[in-house]
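Colleague: Dropping the sequence and predicted coords here.
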Amino acid sequence: MSYLKTIQHKIFSLSDLKNQVNAWKQAGENVVFTNGCFDIIHRGHIEVLAQTADLGDKLIIGLNSDTSIQKLKGENRPIIDEQARSILLAAFSFVDAVILFPEDTPINLISALLPDVLAKGGDYEIDNIVGHEIVQYNGGKVILVPFVDGFSSTTIINKIKKS
């Protein structure tokens with residue numbers, strides 16, 4: 001299989017991802033879930049995602065759709081469209097699945113997939129992480145990954161605007 005096809009096979013629909021998660025769990029693998037916009041991928045994203053992948057055997061990224069980002073961050077975002085962001089994230093060797101979601105939060109994905117670990121960057125508090133109750137109720141863990149200071153898509157966008 002070509003590298004491009006390998007990358008494209010990591011981008012899932014919900015029904016296909018549910019089946020894949022069930023297969024992973026039946027094989028005894030721990031499934032980790034995180035989510036975000038990942039508009040302009042930068043070092044902070046990569047470091048947090050790599051550390052998140054270390055928390056289990058399979059890493060799923062719930063990716064905000066373009067319409068979801070526009071609601072959250074304004075009509076001028078995202079800079080990079082959802083298909084391109086999906087491919088960029090799926091290209092990382094430590095990412096096993098990428099799934100788009102159109103809602104403001106990934107609560108429906110978390111409820112459907114029931115990951116073993118729900119992870120977010122350390123700029124959150126566990127009680128404020130969407131889906132923490134569902135994961136914990138089902139025996140999973142919620143983990144904060146240390147945030148990497150000094151990196152953000154907004155900072156990069158503002159730097160580009162100034163130059």
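Modeller: Cool, got the structure.

Colleague: Just the pLDDT at residue 42, thanks.
Modeller: On pLDDT, residue 42 comes in at 88.

Colleague: Test my guess that it contacts residue 156.
Modeller: Yes. In this structure, residue 42 is within contact of residue 156 by Cβ atoms under 8 Å, at 6.2 Å. C-beta: built from backbone N, CA, C; applies to glycine.

Colleague: got the buried residues for the lengthiest helix in the chain?
Modeller: Counting by DSSP state H, the longest helix found in the chain is helix 14-26. For helix 14-26, burial by neighbour count (16 or more other Cβ atoms under 10 Å) applies to 17, 20-21, 24-25.

Colleague: How about the contacts made by residue 156?
Modeller: Residue 156 makes contacts with 40, 42, as judged by Cβ atoms under 8 Å, 6 or more residues apart in numbering.

Colleague: what separates it from residue 107, distance-wise?
Modeller: Taking Cβ to Cβ, to the nearest Å as the measure, residue 156 falls 29 Å from residue 107.

Colleague: if we can go back for a sec, next structured bit after the longest helix of the chain?
Modeller: On the C-terminal side of helix 14-26, the nearest following helix or strand under DSSP states H and E is strand 31-36.

Colleague: any residues touching that next one, and which ones?
Modeller: Here strand 31-36 has contacts from 21, 24-25, 45, 49, 52-53, 55-64, 101, 106, 109-110, 113, 115-120, using Cβ under 8 Å, 6+ apart.

Colleague: got it, and stretch 109-120?
Modeller: Contacts for stretch 109-120 (Cβ under 8 Å, 6+ apart): 14, 17-18, 21, 25, 30-35, 52, 55-56, 60, 62, 99, 101, 129-132, 134-135, 138-145.

Colleague: Among the buried residues of helix 14-26, which one lies nearest to residue 3?
Modeller: Nearest to residue 3 out of these is residue 20 (Cβ to Cβ; 19.8 Å).

Colleague: wait, doesn't the closest one sit right on residue 97?
Modeller: Yes. Using Cβ under 8 Å, residue 20 is in contact with residue 97, at 6.6 Å.

Colleague: Need the overlap of contacts for these two.
Modeller: Contacts common to residue 20 and residue 97, judged by Cβ under 8 Å, 6+ apart, are residue 12.

Colleague: Quick check: bridge partners of residue 35?
Modeller: For residue 35, the beta-bridge partners under DSSP bridges are residue 62.

Colleague: Now that residue 24 has come up, it's in contact with residue 58, right?
Modeller: Yes. Checked against Cβ under 8 Å, the pair residue 24 and residue 58 is within contact range at 5.1 Å.
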